[in-house]
Structures are given as C-alpha cells and as structure tokens.
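> Sharing a model prediction with you, sequence too.
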Amino acid sequence: MINCFDFDDAEKLRPQARRLVEPILTLRAEMDRLKAPRIYVNDNFGEWHSEKSKLVRRALGLAADVVAPLAPREEDYFVIKPQFSGFYATSLPLLLPKLGASRLILTGVATDICVLFTAADAHMRDYALWVPEDAVAAERKQRSRASLDIMQAHMGAASLRRPLANGTVTAPLSGPPRRQTSSRSRRAVRTHPRSPRRKRSASAHLRTRSMPVQATLGPGAFLCGTLPEATPRDHTTGTNGQR
C-alpha cells in the first residue's frame, strides 16, 4: 500500500487500493486498541540504498490518495522486502518469533502476488492466517477471488469480511495457536500425498477472543502481533522491490 502505483497496469489496481484504505484503517485502529504491534512490509522499488522515510516520501509524491492515510507511524515496525514474499530475504522471520506471533492477518496489494506469496511462506512456517477479503485487492476482482480461494482451501486461511460491532473487529482474532511440530513430522505431513488435512471451519475463526491476538500482517500494509511490552522499532533491510 505504500506504493507509487507507477508500474504497468497500475491504473487498474489503484482504484481497488483506494477502497482498502478505510477497512485497513479500521483494522489498524483495533490493533492499536489491543496494543498489538503493526508491521509494514514494503518493497523498495529497486532502490537498494533506500530506507523507510525515502520510500514513504516518494510514494506520497505520486499516490497520496492511497498512501497518506496509511502512512506508517513512529510506533510501527517497517520491513523492506526484495521480492513478492514478505519472508524472503527480510528480517520478518526473526521479528515474528520475537513478538511471540502465531496468527497473521494479511492485508494490502496485490492479492494474487505479494499477499499470496507471503501467505504461502507464512503457512509453511505454521502461522494461522486470516486474509480479510475487504482488505486486499488485485488488478482484477476475479484474480483476487481466485487467490483468496487458494489461501482458504490450501492454507487454512479465513477470508471472511471483518464483522464490525460499533466499529470493533469481532472476528477472527482468536483461533488455533501456531502448531508446534517437529521438522520430521512436518515433512511427513507435507510430502505424503494421502495425508489427511485438518480443515478449520469458519466457526473456529469466529470464536470469541479467548486468546490474545498473536499477529496481523499485510504486504505493503501492516502486520500486528502481541507482546505489548515489546518496543516497536524499524527492522529495515536494504532490498530490491517487486510489487
């Protein structure tokens, strides 16, 4: 979401991105209320020596309608990525365990590229996922829908819209914790073609908050997690960006 929207076919994605601003801001406000850290995961548009302030300043100059409302704040984390996935060659795999995160909420653009690749990497690391369908977008709605279906069917991700009660996110901020399995058992489950896969029903994601929120992530948007005692700080990595 911290994006210049100056790439090919950006005119198709930018209107979709504008519609994400309000849902993402509502979700960010709820994470603030829960004292959960927000993490922006952003590419650097090919500027290997760039950093947070330069990236934000450049994007504000070209796409203020999307970027200005969602600009990162001093208390937010900021991770720069070199490729589609927020996990690839970034500090995110180290940061999330430090925050005690076990559940991720992905938001931002594009559903069929950065969000999908990040979701796959998160799933392979045993994070529970929620990808609110009103907080992600792609150039074509059909591609966004297809990507959400893939994440729901094969990664156990919830993709329901955010139910709101008086402006408060009510679900699915709780759910099964991150699975604790050995590397041997993970390999067995993931490589055996006939291994049964446990599916989480929508009702499991819609349970009341009996457990603390553990994380929320958005490529180009933000990620939230627990451990209120953690002090937010930049985790910036020099990178070469892909949208």
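Sure, I can see it.
> now what about the longest helix along the chain, what contacts it?
Identified as the longest helix of the chain according to DSSP state H is helix 52-70. Helix 52-70 is touched from outside by 1-6, 14, 17-18, 21, 24-25, 28, 42, 44-45, 47, 71-72, 78, 80, 221-222, 234, 236, with contacts defined as Cβ atoms under 8 Å, 6 or more residues apart in numbering. Bear in mind the C-beta positions are built from the backbone N, C-alpha and C, glycine included.
> Give me the buried entries from the residues you listed.
1-5, 14, 17, 21, 24, 28, 42, 44-45, 47, 72, 78, 80, 221-222, 234, 236 (16 or more other Cβ atoms under 10 Å).
> Can you flag which of those residues belong to helices?
Short answer: these in helices (DSSP H) are 14, 17, 21, 24, 28.
> Distance check, the last one against residue 102.
According to Cβ to Cβ, to the nearest Å, residue 28 stands 20 Å off from residue 102.
> which residue packs closest to residue 139, ignoring adjacent ones?
Leaving aside its sequence neighbours, residue 139 sits nearest to residue 12 (Cβ to Cβ, 6 or more residues apart in numbering; 4.3 Å).
> and the one you found, how far is that from residue 41?
Per Cβ to Cβ, residue 12 is found 22 Å from residue 41.
> just residue 159 next, same as before
Relative to residue 41, and taking Cβ to Cβ, residue 159 is found at 19 Å.
> ditto for residue 123
Shown here: residue 123 relative to residue 41, a distance of 16 Å by Cβ to Cβ.
> These two: which has the busier surroundings?
residue 41 (27 against 17; other Cβ atoms under 10 Å).
> Tell me the bridge partners for the more buried one.
residue 79, residue 219 (DSSP bridges).
> That one touches residue 91, doesn't it?
No: contact criterion Cβ atoms under 8 Å: residue 41 and residue 91 do not qualify, at 10.2 Å.
> Now for the two: what residues contact both?
Counting by Cβ under 8 Å, 6+ apart, the residues touching both residue 41 and residue 91 are residue 79.
> related to what we said a few turns ago, for the ones in helices among the buried ones among the contacts of helix 52-70, which one is nearest residue 138?
Closest approach to residue 138 among these (Cβ to Cβ): residue 17, at 10.0 Å.
> Who are the contact partners of that closest one?
So residue 17 contacts 1, 3, 5, 66, 109, 137 (Cβ under 8 Å, 6+ apart).
> and the residues you listed as a markdown table, adding distance to residue 59?
A markdown table is the format used below for the contacts of residue 17 (distance: Cβ to Cβ, whole Å):
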| residue | distance to residue 59 |
| --- | --- |
| 1 | 9 |
| 3 | 6 |
| 5 | 8 |
| 66 | 8 |
| 109 | 12 |
| 137 | 17 |
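> Just the ones of these in strands?
109, 137 (DSSP state E).
> Summarise which helices and strands the helix or strand residue 152 falls within is packed against.
Residue 152 belongs to helix 141-155 when assigned by DSSP states H and E. Packing contacts for helix 141-155, counted by 3 or more Cβ pairs under 8 Å, 6 or more residues apart in numbering; DSSP states H and E, involve helix 116-124, strand 136-137.
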